[in-house]
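[1] Structure of the sequence below:
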Amino acid sequence: MTTPGYILVVDDEPDIRRLVQEILEDEHYRVATADSAESARELYRKQRPDLVLLDIWMPGTDGITLLKEWSAGGRPEVPVIMISGHGTVETAVEATRLGAYDFIEKPVSMGKLLVTVERGLAAERLRRENLRLRRAAEPDVFLVGKSRAMRQLREDLARVAAADTWALILGEPGSGRLAAARYLHQQSPRRERPLVEVSLGAVAPMNVAIKLFGSEHDETVNAGSFEQAGDGTLVLNEIGELAPATQLQLLHAVQERHFMRVGGRERLPMQARILAISDPGLPDAVAEGRFREDLYYRLNVVPLRIPPLREHREDVPDLVKVYLDWLVDNERLAYRRFTTGALNALRNYAWPGNIRELTNVVQRLLILNRDEEITETDVEQALGQRARPGPEAGLPHALFGLPLRSARDQFEKAYLEHHLARTGGNVAEVARLSEMERTHLYRKLKNLGINPKTVKE
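    The predicted model follows:
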């Protein structure tokens, strides 16, 4: 979904504003103009532009001061091109230091203006593309496999990507939920627009609203995730971690397709496609009243279930091959052949950590082993136990006779004690492995009666 660039022109001279606006509109850009810093701030609040053309010398607040405001976070959120009829080397250096993309002198040359604007927009697109490539630095193994479950997932993803609708992605941690969201964006009509990901479980509850909606204080504006996503894709990871108050704020935003920054005065349009991610327990949270039913159905336009690895363990050999080849090519690790026994041991394991755990084990085996072959014994040692077959491997059968809440509490207790033992009682590392916000993990440990120090001992 490619849309024309939206450019804000800030200059106190009417003739300059009119000329620049006409030049840009002839090239099909959308243009807004401001004659002062005050009106520029107001337009910036209403809708964040893709690029700003900013005059340095203006009555009242000058362009350098306004650039400083927009660079409060270290760099402007959008490319800023400075314009001046009285440019000096010192001024140009100061503007560059504050994060300005380029510097144009008056009288404005039409050719110079268009080239600089296009380069500024291209540089921003390149920055976003580099970010996307860093995200894709590891192989997307989550779609590998010939099993019925994976064939169905690939078909579902193709349909949802083409439909460009909101989606709720449910799956266990490590199963490839975030990779699925990125895949949907890359295969959608919005692929050229921003992709913004927010891990809600990693944000302190009192800061979630600011993270999502942005904030205004005095003349300082901080764009939130909705604003940064624009008409691209916004991925809300761990949506089930939202506090009730923030659930209500989000509900109002998705209902009205508008939102307000914290402390702000203007309603801003919400144009992004939302992909929400949660664990499979979100419907239970709705039934128990811990997550708003109306918000759940707003987000759940199209449901997507990512199967856990234990449901398609026949794909394990293919997954191992893809990740093994990638590690050899990209991490310069020595190639080692997995014996049939080793592959069977991997296939028979229950994989509570799903694909993420499998890729970690493969990497560990390549690093620690010196032989040309990886054997069944090597795999069992890497897993820390004998690989046990069966979809309920590692789970006491007594759990299946308990009410769901009691069974869940017992599993969570065993799961957290297992990871605490593996990490030597390192709560921060357990929070990372389990993808839980640390304060939430501490509350969970307290409720389950787990003392990290005792487990460590």
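
[2] contacts and neighbour counts: CA atoms only from here.
    Will do.

[3] which of the residues in stretch 43-52 are buried?
    Of the residues in stretch 43-52, L43, Y44, R45, Q47, R48, P49, D50, L51, V52 count as buried by neighbour count, 16 or more other C-alpha atoms under 10 Å.

[4] Over to stretch 54-61?
    L54, D55, I56, W57, M58.

[5] What residues does L343 make contact with?
    By C-alpha atoms under 8 Å, 6 or more residues apart in numbering, L343 lies in contact with V316, P317, E376.

[6] tell me the contacts of the last one?
    Meaning E376. By C-alpha under 8 Å, 6+ apart, E376 lies in contact with T339, G341, A342, L343, N344, A345.

[7] In contact with Y335, which residues?
    Applying C-alpha under 8 Å, 6+ apart, we find Y335 in contact with L324, D325, V328, L366, E372.

[8] Now for it, which secondary structure element holds it?
    Using DSSP states H and E, Y335 sits in no helix or strand.

[9] So it versus Y183, what's the distance?
    From Y335 across to Y183, the span is 29 Å (C-alpha to C-alpha, to the nearest Å).

[10] picking that back up, which among the contacts of E376 count as buried?
    A342, L343, N344, A345.

[11] Closest one of the residues you listed to W351?
    Distances from W351 to those, taken as C-alpha to C-alpha, are shortest for A345 (11.3 Å).

[12] Secondary structure element for that closest one, which one?
    Taking DSSP H and E as the definition, A345 sits inside helix 340-348.

[13] and the helix or strand just after that helix, which residues are buried?
    For helix 340-348, the following helix or strand on the C-terminal side (DSSP H and E) is helix 354-368. For helix 354-368, burial by neighbour count (16+ other C-alpha under 10 Å) applies to N354, I355, R356, E357, L358, T359, V361, V362, Q363, L365, L366.

[14] Output the below-cut-off pLDDT ranges for the chain.
    Counting by pLDDT under 70, the low-confidence segments of the chain come to 1-4, 72-75, 86-89, 129-141, 219, 385-403, 405-406, 455-457.

[15] where does I374 fall, phi/psi-wise?
    Main-chain torsions, I374, degrees, to the nearest 10: phi -100, psi 120.

[16] Show the contacting residues for it.
    Shown in contact with I374 (C-alpha under 8 Å, 6+ apart): R336, R337, F338, T339, A342, L365.

[17] if we can go back for a sec, can I get the buried residues of helix 354-368 in CSV with distance to D409?
    Output for the buried residues of helix 354-368, formatted as CSV (distance: C-alpha to C-alpha, whole Å):
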residue, distance to D409
N354, 20
I355, 24
R356, 24
E357, 22
L358, 25
T359, 28
V361, 27
V362, 31
Q363, 32
L365, 33
L366, 36
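
[18] Out of these, flag the one nearest to S39.
    Nearest to S39 among these is R356, at 49.7 Å by C-alpha to C-alpha.

[19] is it true that the closest one touches R177?
    No. R356 lies out of contact with R177 (C-alpha atoms under 8 Å); the separation is 10.9 Å.

[20] Excluding sequence neighbours, find me the nearest residue to L324.
    V362 (7.0 Å; C-alpha to C-alpha, 6 or more residues apart in numbering).

[21] how close does that neighbour sit to V322?
    To V322, V362 is 11 Å away according to C-alpha to C-alpha.
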